[in-house]
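Asker: The sequence and its predicted three-dimensional model are supplied below.
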Protein chains: 2
Amino acid sequence: MRTREMTHSVAYLHDDENDIRVPVTRIALTNSPNGEENAPFDTYRTEGPGGDPVRGISREREAWIRERGDTEEYDGRPRNLQDDGRSAARRGAASAEWQGETFRPRRSLDGRTVTQMHYARQGIITQEMRYVALREGCDVELVRSELAAGRAIIPLNVNHPEAEPMIIGKAFLVKINANIGNSAVTSSIAEEVDKLSWATTWGADTVMDLSTGDDIHTTREWIVRNSPVPIGTVPIYQALEKVDGEAHRLTWEIFRDTVIEQCEQGVDYMTIHAGVLLRYVPLTAERVTGIVSRGGSIMAGWCLAHHQENFLYTHFDELCEIFARYDVSFSLGDGLRPGSTADANDEAQFAELDTLAELTHRAWEYDVQVMVEGPGHVPLHLVRENVERQQELCSGAPFYTLGPLVTDVAPGYDHITSAIGATEIARYGTAMLCYVTPKEHLGLPNRDDVKTGVITYKIAAHAADLAKGHPGAHERDDALSKARFEFRWRDQFALSLDPDTAEDFHDETLPAEPAKTAHFCSMCGPKFCSMRISQDIRDRFGNAEEQEAIVEMRRKSEEFVASGATVYLDEPRVRV
Amino acid sequence: MRTREMTHSVAYLHDDENDIRVPVTRIALTNSPNGEENAPFDTYRTEGPGGDPVRGISREREAWIRERGDTEEYDGRPRNLQDDGRSAARRGAASAEWQGETFRPRRSLDGRTVTQMHYARQGIITQEMRYVALREGCDVELVRSELAAGRAIIPLNVNHPEAEPMIIGKAFLVKINANIGNSAVTSSIAEEVDKLSWATTWGADTVMDLSTGDDIHTTREWIVRNSPVPIGTVPIYQALEKVDGEAHRLTWEIFRDTVIEQCEQGVDYMTIHAGVLLRYVPLTAERVTGIVSRGGSIMAGWCLAHHQENFLYTHFDELCEIFARYDVSFSLGDGLRPGSTADANDEAQFAELDTLAELTHRAWEYDVQVMVEGPGHVPLHLVRENVERQQELCSGAPFYTLGPLVTDVAPGYDHITSAIGATEIARYGTAMLCYVTPKEHLGLPNRDDVKTGVITYKIAAHAADLAKGHPGAHERDDALSKARFEFRWRDQFALSLDPDTAEDFHDETLPAEPAKTAHFCSMCGPKFCSMRISQDIRDRFGNAEEQEAIVEMRRKSEEFVASGATVYLDEPRVRV
């Protein structure tokens, strides 16, 4: 039996007064060799309740939404095969129609705003706020005040009651997003739903469905109904499918309808490339890699074709009005992000950021939650400027970055090149990191790539939490290090971000079961084991008698330094 | 045929005046779609000349050493089966005796110092200095002056004429080291020699042989005779084997003889844990992970057993005298480095660093080259202090660090946790990074792990070079980004640090040969391709007519901002 199966279970944090429980992963630990008991270690859990993907997961949050009494059910847009692309329209069905229950969509009553930001600004503490406070281990007033100030968001569409509330903001744990989604070239609905649960199993805090191929609507239905984490999308991808991929045929009306379609399905946040202004487009012409954002290039293409301003910008207020009725959060897209280190921090990028700052403040006028997307490819010494500039211009709105990749020369390893930049940018205040998988630039991630991307980004996020001194972040490190030092191999595996891989690697060299409790490992063998030797040192200095010896040695050492630091040892000329 | 085989070849940089040639890897590139020719890209090469491992590689540098006339051949220590451990002694042979030619060892004439530092301080420009200047693309005077000041080293034993000169110092390209070596538990000589060439194929600048098991002497002979890069060792490992692994039985004499044995074989630098002083040992007793350096714990154990000062410290001057005769460089070991983030930057660690600084200056009195080893496990916000403190205390002596790992929670992924810290520490002046493989803490690296470790550390080193603004470092990034933007897939693979993996990943989704020249890829499919759209933008703004349009648009944009930045678009309230 694998370590993870033996040691990991679900437990709950309770707020009985408010009838809230938050699932955590409980990791059972063994005793130390000296008999000391090691309490089980509870850790943040994104896996959700699980269940049969054909039916979707439970809608825990529905009662909270209903009880607030500020929303209504309505009929919504009728099913439209066009939403699934041309092949579905031809066939008369999506390739795998949603088989679970369908729910009538919900929106705010006329004239009401139902965003968490709105409640927070009214001084209202919602169940969602209490949930995330319990989950983060912080005071609920911190949650409310950060939401009210726009420095944090709880991305939760009223039509996605399956999702467990989570918060994105620099005062909280750094979060990570995993991208999934099919494309015209590859992958099926079942694969994408599997990637969703695989991503949340390993710790993805949100998932973006970036599908661009067939069956977009239905793929998203499967994903939202099965997702315990907020789902993000880039609606322009689907809108483009509706005009046969011809960017110049896009219109505000087609886009708006697509956004409403996705609001009704329960998408929690949407990337909107409203900062790609017509006048910025020429700034990219002399770049090494032009525009590399899909959404950015679509909108740039549209602006040029019509020689008109970006309709996402000119209709931004209407978008705010729509989002306010479902509590959909903006993820303001960085359509002009650098696609190579050569293009980092250039005029085009920062011009767009100025506009994203303007739009952030505009959305806040509608009490709509906002996060702002960031680069891309940036050499390490230019990373910090990105987050500090964004934080200042956008008055602390959460920054959500892709990497950044600190070098362009390692396709196949861009989870690593980007984790380096991600840790740096999160350390200075980025709230959520969009993962990059080993397949970046080369192909679509498969299941293994999704896991590698998620674990790599859990590392970056956690390393940033540690560097920020986030309360309690070091506890898992310390627990694992203690287990390592005490040769509690199983506990070391169990506490690691990926127990399966840790165990497999160990077993490659020393597979036998007794090696799991051996007081040495394959790297050095028993006699060379530094851990063993230094345990001996501790044992020696650990008892009362030896404690005195330590004090004495320290005293002597201080005397010695104070006396001018010349020592007679074997050789008189030794100086300290 | 693989991209790498098709595009990579050896070429040479020439210094004809001095009869020096430096091999580089030449990467052939194709033309841009607009017909522009892309010159072949030359890059630093560590692979060496190759050849039959049974005979060893050519001894290119022998003539230079001989011509200086300050060394002599001598008989050296006789072959001693004990050097290969107890099993060899029992069997009467090592398990795979060296089969190539054996050479009489060489050392300086009595009273002469033959270190590159010595020559540099005399104002002498050696062939080795010219070689590295050509290799680094810098002025030879920079090389000489950095060597003279102790801020760089060329680790090259006179008994390792197979090695191609390379330089370690913060004014030069950041270097990486790969550790190999057998242990009592696993692996054979042939495997280790294979790991050596595999590591240098992918870019290891030096290799450390950390063998601790049987056949230590013979394994090392195979490695040194086949290595085009400097070889480092930790001689205390072999010395400990000679006393059956019982640390308290170690003596200075046994250690000294082991060092001389390795000097005669051609080891280029040796880790010496001379900073683990008796009075520092108790400082580790209350750490989460005590002492995690093997060498550190061996010496700590010895100090405690005898209640005497570390013999490496008390005999340090003798070591300097020995090293000066072979030009062996010190790698002053950090025996008290932190083994967990909890223990980072603590009293024990920094006390030892003070002593390493003292020893650095002492070695320089003998004109012996020195680098200083560093941690370990350090959370990201504490990394920079490590290198800045070392650089100040050690007057700029090269810093050589293991990672550091910025979190303890990801065994199985410690190449990544450590690459994050490695990039940060190199950015602020660390000269060489010791790789960490995915097997760190779990097992001995196999061939794949060696490659993953090397590529990951090439990323860290290169990202640091970029962040430091090292001259020319960005050229490879820019060439690859240009290839990417122009859909020159083969060129993108060829320019990447690991062409094989980049190609394999691409081919997983789009294997057909035409896809290598397709103007899109599997991530988005043809219609969504941002690269294609933004090429169109460039084409549009790339001709003379459109250049004018750019100028006009920029002018308008400036006018517009200057005029108070209120724009009438579809909606009058839009403000910029």
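Answerer: Okay, I see it. Predicted model only: the values in this text are computed from it and were never measured.
Asker: give the contact list for residue A:370.
Answerer: A:150, A:153, A:329-332, A:359-360, A:363-364, A:394, A:397-398 (Cβ atoms under 8 Å, 6 or more residues apart in numbering or on different chains). C-beta coordinates here come from the backbone N, C-alpha and C atoms, glycine included.
Asker: tell me which of these is nearest to chain B?
Answerer: Chain B has its nearest neighbour among these in residue A:359, at 10.2 Å by Cβ to the nearest Cβ.
Asker: quick one: low-confidence parts of the stretch 451-576 of chain A?
Answerer: Along the stretch 451-576 of chain A, the model assigns pLDDT under 70 to residues A:510-576.
Asker: Pairing partners for the helix or strand encompassing residue A:207, with directions?
Answerer: According to DSSP states H and E, residue A:207 maps onto strand A:206-209. When pairing is defined by DSSP bridges, strand A:206-209 lines up against strand A:175-180 (parallel), strand A:231-233 (parallel).
Asker: Turn these into JSON lines, columns for mean pLDDT and mean neighbour count.
Answerer: Formatted as JSON lines, those follow (pLDDT from 0 to 100; neighbours: other Cβ atoms under 10 Å in any protein chain shown):
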{"stretch": "strand A:175-180", "mean pLDDT": "96", "mean neighbour count": "26"}
{"stretch": "strand A:231-233", "mean pLDDT": "98", "mean neighbour count": "26"}
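Asker: Show the average pLDDT along stretch A:123-137.
Answerer: Averaging pLDDT along stretch A:123-137 gives 98.
Asker: Can you list the neighbours in contact with it?
Answerer: Contacts to stretch A:123-137, defined as Cβ under 8 Å, 6+ apart, come from residues A:13, A:15, A:18, A:20, A:22, A:44, A:61, A:64, A:68, A:116, A:119-120, A:139-140, A:142-144, A:147, A:154, A:156, A:164-167, A:172-173, A:471-472.
Asker: quick check, distance from that stretch to the centre of its chain.
Answerer: The chain centroid and the centroid of stretch A:123-137 are separated by 19 Å under Cα atoms, centre = their mean, to the nearest Å.
Asker: same thing with stretch A:266-275?
Answerer: 16 Å.
Asker: longest helix of chain A?
Answerer: As assigned by DSSP state H, the longest helix anywhere in chain A is helix A:447-468.
Asker: next SSE after it?
Answerer: Counting by DSSP H and E, what follows helix A:447-468 is helix A:474-485.
Asker: which parts of that following helix are buried?
Answerer: A:474, A:476, A:477, A:478, A:479, A:480, A:481, A:482, A:483, A:484, A:485 (16 or more other Cβ atoms under 10 Å in any protein chain shown).
Asker: For chain B, tell me which of those show up nearby.
Answerer: Applying Cβ under 8 Å from any Cβ of the partner chain, the subset of those adjacent to chain B comprises A:474, A:476, A:477, A:478, A:480, A:481, A:482, A:484, A:485.
Asker: from those, which is closest to residue A:92?
Answerer: Lowest distance from residue A:92 to these (Cβ to Cβ) belongs to residue A:476, with 52.0 Å.
Asker: Please report the distance of the closest one from residue A:458.
Answerer: Note on residue A:476: its distance to residue A:458, by Cβ to Cβ, to the nearest Å, is 11 Å.
Asker: likewise residue A:245?
Answerer: In terms of Cβ to Cβ, residue A:245 sits 36 Å off from residue A:458.
Asker: Is residue A:353 located within a helix, as I assumed?
Answerer: Yes - counting by DSSP: H, G, I helix; E, B strand; the rest coil, residue A:353 falls inside a helix.
Asker: Touching, it and residue A:387? I think so.
Answerer: No - between residue A:353 and residue A:387 no contact is recorded; they are 11.0 Å apart, counting by Cβ atoms under 8 Å.
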